[in-house]
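Colleague: need a structure here:
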Amino acid sequence: MTIDTAALLEELRTAVHRDAARRRVRRFAVTAIAALAVLVTGVGIAGTYDDWWTGAEPVFQPNQVQNAMDENEGVIDIDLSKKATVARIDDAALVAVATKSGGFCMSLFLANGRGMGSSCDSTPVRDDGTGSAYRTRADDSHWIAYGRITDAGAAALDLSGVGLGRVPLLRGGFYLLDVPRAKWDALDKRHGDVSILDGGGATIRRACVYVGIAPGSRWAGGGELGEPGGCDEPSPEDYEPELAKAHQVVALTLTRAFGALDAGETIAVWQAPNPLGGTCTFEAPAGTRPQQMGGGQCAGPDEWRGGPLLRVGRESTLHDGSYDNLLAGAVRPGSGVVRVALVAADGRATDAALGGDVFLAELPPSAKVGKRPGPVPGAPYRVIAYDAAGKEVADAEVPGR
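Modeller: The predicted structure follows:
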């Protein structure tokens, strides 16, 4: 099967952040190193967050930003009437776009126009700091940190606790800095407590920052803003599967092509442990143990804590001008589910292949609509989970797009 390495790394990074947010109970010591002064230039007024787009610098690389926002169609509602370049340094520019829910997206670009990635958060921002963010992106020659602080009256983010200096907040509370190359080794995976300051230098709120992973690693980038004492994140390497221990948990023989597999071939879901005590779940051809991980996700042992009993997703691959579709999902381990049914809008039901708490089923092909797959014929579809007594214990709608 085709392996999308970039997508896989982003999935794993997302799993790291999601699991770390639940595991932040460990104690740690911080080694002090000299703080570095960071100079940032930009436009606008620091600390405001309710109207950062009016009269602001136009969007840098508008076509790339538009394409990045198009990728969120059907996932997060973007408000493209509210967008601006919110920060610049010598080597980079930061563009922000509002979401209709009151959150925001950030797209980072190098000065030469090359995109470094985009991320969106639909969480509505508030003046108590809700919605604040810290991220980094990296390649062989750059390590750029960026984000947003939404606390009322905030004027600077003091990163001295992690070996960086005081960073002024620009229009809308956004900020941008180039992590100094001379400090890459010292700042790699560093974490510590930091302060959010007002215009007079007084502390509004304490927080913590996980600086991220320095260039030179395939995991380079990342970063996280959290509560004081809570940014001791596991390394992404700890989430990687031990492929020698991989085992096949469910298989589905296809009646139509999907991705690199033809009709009549069998797709399988495999699972492998990782050093954190968690599990990696991924798709690969059935039969032969995979030598590398394809599309899927890895997580720590607390992945299902507080989550729903049933998780459902739709996978789509473009083939001959239309999209082949596959239902893929999981049930909470230990839930007692023994059967999963896929139910079309007209009530027709078919059993999904279920094993190892994961399931697969084919969905009809859908037409290409613009840049994305259109609705699946027979939609809307629902997934219903049953226990051994035949009782319905959970249901969920299959994503329409």
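
Colleague: domain assignment for the protein?
Modeller: If you go by automatic domain parsing, the domain ranges for the chain are 27-231, 243-397.

Colleague: All the strands of the stretch 301-401 of the chain, residue numbers only.
Modeller: Using DSSP state E, counting those that start in this stretch, the strands found in the stretch 301-401 of the chain span residues 310-319, 322-331, 337-343, 349-351, 353-355, 358-369, 372-373, 382-387, 392-397.

Colleague: So, low pLDDT: which residues of the stretch 201-350 of the chain?
Modeller: Within the stretch 201-350 of the chain, the segments meeting pLDDT under 70 span 294-295.

Colleague: and residue 68, backbone torsions?
Modeller: phi -60, psi -40 (degrees, to the nearest 10).

Colleague: who's in contact with the residue nearest to it when sequence neighbours are not counted?
Modeller: Ranked by Cβ to Cβ, 6 or more residues apart in numbering and with sequence neighbours excluded, the top spatial neighbour of residue 68 is residue 118, at 4.0 Å. For the C-beta atoms, the positions are set from N, CA and C on the backbone; glycine is no exception. The contact partners of residue 118, taken as Cβ atoms under 8 Å, 6 or more residues apart in numbering, are 65, 68-69, 71, 105-108.

Colleague: that older thread, tell me which of the strands of the stretch 301-401 of the chain lies nearest to residue 277.
Modeller: Evaluated with Cβ to Cβ, the strands of the stretch 301-401 of the chain place strand 322-331 nearest to residue 277, the distance being 17.9 Å.

Colleague: Pull out the buried positions in the closest one.
Modeller: With burial defined by 16 or more other Cβ atoms under 10 Å, the residues of strand 322-331 counted as buried are 323-331.

Colleague: and which of those residues is nearest to residue 223?
Modeller: So of the buried residues of strand 322-331, ranked by how close each gets to residue 223 (Cβ to Cβ), first place is residue 330, at 28.2 Å.

Colleague: picking that back up, tell me if I am right that the residue nearest to residue 68 is in a strand.
Modeller: Yes. Under DSSP: H, G, I helix; E, B strand; the rest coil, residue 118 falls within a strand.

Colleague: So what does residue 187 look like in phi/psi?
Modeller: As for residue 187, its main-chain torsions (degrees, to the nearest 10) stand at phi -90, psi -10.

Colleague: number of nearby residues for the residue nearest to it when sequence neighbours are not counted?
Modeller: Leaving aside its sequence neighbours, residue 187 sits nearest to residue 211 (Cβ to Cβ, 6+ apart; 4.9 Å). As a burial measure, residue 211 scores 26 neighbours (other Cβ atoms under 10 Å).

Colleague: and what of residue 104?
Modeller: Using other Cβ under 10 Å, residue 104 is surrounded by 30 other residues.

Colleague: Please report the distance of residue 358 from residue 387.
Modeller: 17 Å (Cβ to Cβ, to the nearest Å).

Colleague: Could you check which of the two is surrounded by more residues?
Modeller: Counted by other Cβ under 10 Å, residue 358 and residue 387 do not tie: residue 358 has more neighbours, with 22 against 14.

Colleague: Show me the beta-bridge partners of the more buried one.
Modeller: Counting by DSSP bridges, residue 358 is bridged to residue 330, residue 355.

Colleague: Let me know the pLDDT of it.
Modeller: We have a pLDDT of 93 for residue 358.

Colleague: doesn't residue 328 make contact with it?
Modeller: Yes. Counting by Cβ atoms under 8 Å, residue 358 touches residue 328, with 7.5 Å between them.

Colleague: did I read that right, residue 195 in a helix?
Modeller: No. Under three-state DSSP, residue 195 sits outside any helix and is assigned strand.

Colleague: intersection of neighbour lists for residue 358 and residue 328?
Modeller: residue 269.

Colleague: Which stretches in the chain count as helices?
Modeller: Assigned helices in the chain, in chain order: 5-23, 62-70, 184-187 (criterion: DSSP state H).

Colleague: ranking those by mean pLDDT, which is last?
Modeller: helix 5-23 (a mean of 39).

Colleague: any weak-confidence spans in the stretch 51-200 of the chain?
Modeller: Residue ranges of the stretch 51-200 of the chain with pLDDT under 70: 74.

Colleague: out of the buried residues of strand 322-331, who's nearest residue 348?
Modeller: Of all the buried residues of strand 322-331, residue 348 sits closest to residue 327, with 14.3 Å by Cβ to Cβ.

Colleague: you'd agree residue 254 is up against residue 362?
Modeller: Yes. Counting by Cβ under 8 Å, residue 254 touches residue 362, with 6.7 Å between them.

Colleague: Run through who's touching stretch 191-207.
Modeller: The contact list for stretch 191-207 (Cβ under 8 Å, 6+ apart) reads 28, 30, 46-47, 129, 132, 149, 151-163, 166, 208-211, 225-229, 231-233.

Colleague: cool, stretch 259-273 as well?
Modeller: With contact meaning Cβ under 8 Å, 6+ apart, stretch 259-273 is reached by 1-2, 241-243, 245-258, 279-287, 289-290, 293, 317, 324, 326, 328, 355-356, 358, 360.

Colleague: For residue 311, give its distance to residue 281.
Modeller: Applying Cβ to Cβ, the value for residue 311 to residue 281 is 11 Å.

Colleague: Start and end of stretch 260-279, how far apart?
Modeller: Terminal residues of stretch 260-279 are spaced 25 Å apart (Cα to Cα, to the nearest Å).

Colleague: thinking again about what came up before, just the buried residues from the contacts of stretch 191-207, in ChimeraX please.
Modeller: With 16+ other Cβ under 10 Å as the criterion, this ChimeraX line picks the buried residues out of the contacts of stretch 191-207:
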select :46,47,129,132,149,151,154,155,156,157,158,159,160,161,162,163,166,208,209,210,211,225,226,229,231,232,233
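
Colleague: rewinding a little: closest one of the contacts of residue 118 to residue 394?
Modeller: Nearest to residue 394 among these: residue 71, at 29.4 Å, using Cβ to Cβ.

Colleague: which residue packs closest to the closest one, ignoring adjacent ones?
Modeller: Using Cβ to Cβ, 6+ apart, the nearest residue to residue 71 is residue 118, at 8.0 Å.
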